[in-house]
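>>> Output the structure for:
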Amino acid sequence: MKNIIGVLFLALIFMSACNNASQSKNEGKDTIAAVKAKKVNPDAGKFIGAWICQKPGKVGQVEGFKLKEDSVAESINTPTLDYKKWWLAGDTLVFVIESNMGNAPATMVRDTMIALNVSSDSLVTTTMPKRSVRTIYRKQNMPNVALTDAKWKLTRMDGTLISDSAYIQFDTTGLKFTGYGGCNFIRGNYKTGIASLRMNHLASTKKMCAPEINAVETKLFAYIQSTNNYFIVGDELQLREGAKTLAIFKAMGK
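Next up, the predicted model:
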């Protein structure tokens, strides 16, 4: 009975995890010694690297996994689920994971997810039964740039690519920020927490430009005021309101 309860509890954890993977029942034969002999599909090279996504219920925090050439997997910010092994079976990523739940004995489980698309910077996955539920992992190609270490150029807003000169920059000492919306300059104060970000006391110049430029700028300035948290992956900054991504910026030299 205790084993059944343990497996059910572990299944609930996997259902809430950001990878939306499909957990199989406990694989008794999947000991660490047995799976170490598993070889990675030669075509799986594009999956090698560190993949992260937003941690459920933890604004600004990420979790994921690192896939190595020798078929070894490592966990990223998943302390109770220790990724040990991985391989590619068709379009399915298969993981062997060691679950460590408190004082209970470690349990080996097999976990799967379908890879819908993989590129040099993103991995799109889905669960086995629900292909409509997708998770986008970002490849962590570099250490995260600090919020105050760059001028952040606007690249995307509402999911649409932006080709513009708009940017935002955060002062390291006075908790001030400055920016440019494509027509007018903006400034104000900001305050951060562990992952929170609030920008207030906004002031801007009042120049009028072409309607299409003003439309982008007006929306950007409104999103700046709505932002309550942020998320940085490598050289990308996301301004967010709750779980919604409002605008995406790319780090540039100061």
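>>> wait, what's in contact with residue 197?
147, 190-191, 227-230, 239 (CB atoms under 8 Å, 6 or more residues apart in numbering). Every residue, glycine included, has its C-beta placed from N, CA and C.
>>> what kind of secondary structure is it in?
Following DSSP: H, G, I helix; E, B strand; the rest coil, residue 197 is assigned to strand.
>>> mind checking pLDDT for it?
The score at residue 197 is 92. That number is its pLDDT.
>>> neighbours of the nearest residue to it once chain neighbours are set aside, just the number please.
Using CB to CB, 6 or more residues apart in numbering and skipping the chain neighbours, the partner closest in space to residue 197 is residue 230 (4.4 Å). Residue 230 is flanked by 19 other residues according to other CB atoms under 10 Å.
>>> mind checking how far residue 230 is from residue 186?
17 Å (CB to CB, to the nearest Å).
>>> how does this protein divide up, domain by domain?
The record's domain parsing of the chain by automatic domain parsing lists 2-139, 147-252.
>>> Filter the contacts of residue 197 down to the buried ones, ChimeraX style.
The ChimeraX command for the buried members of the contacts of residue 197 (criterion: 16 or more other CB atoms under 10 Å) is given here:
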select :147,190,227,228,229,230,239
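>>> Residue 162: which of the contacts of residue 197 is nearest?
Using CB to CB, residue 239 comes nearest to residue 162 of the contacts of residue 197, at 12.9 Å.
>>> Tell me which residues touch that closest one, please.
Taking CB under 8 Å, 6+ apart, one finds 197, 223-224, 227, 230, 245-249 in contact with residue 239.
>>> Top of those by number of neighbours, please.
Going by other CB under 10 Å, residue 249 tops those with 26 neighbours.
>>> for the one helix or strand that residue maps to, packing partners?
Following DSSP states H and E, one finds residue 249 within strand 244-252. When contacts are defined as 3 or more CB pairs under 8 Å, 6 or more residues apart in numbering; DSSP states H and E, strand 244-252 packs onto strand 151-157, strand 167-170, helix 211-226, strand 236-241.
>>> then the first one to PDB, C-alphas only?
These are the backbone C-alpha positions of strand 151-157, laid out as PDB (Å, rounded to 0.1, in the frame of the first residue of the first chain):
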ATOM      1  CA  LYS A 151      21.100  48.100 -22.500                       C
ATOM      2  CA  TRP A 152      18.000  46.000 -23.400                       C
ATOM      3  CA  LYS A 153      16.800  46.400 -27.000                       C
ATOM      4  CA  LEU A 154      13.100  45.600 -27.700                       C
ATOM      5  CA  THR A 155      12.800  42.600 -30.000                       C
ATOM      6  CA  ARG A 156       9.300  41.300 -29.600                       C
ATOM      7  CA  MET A 157       5.900  42.400 -28.200                       C
END
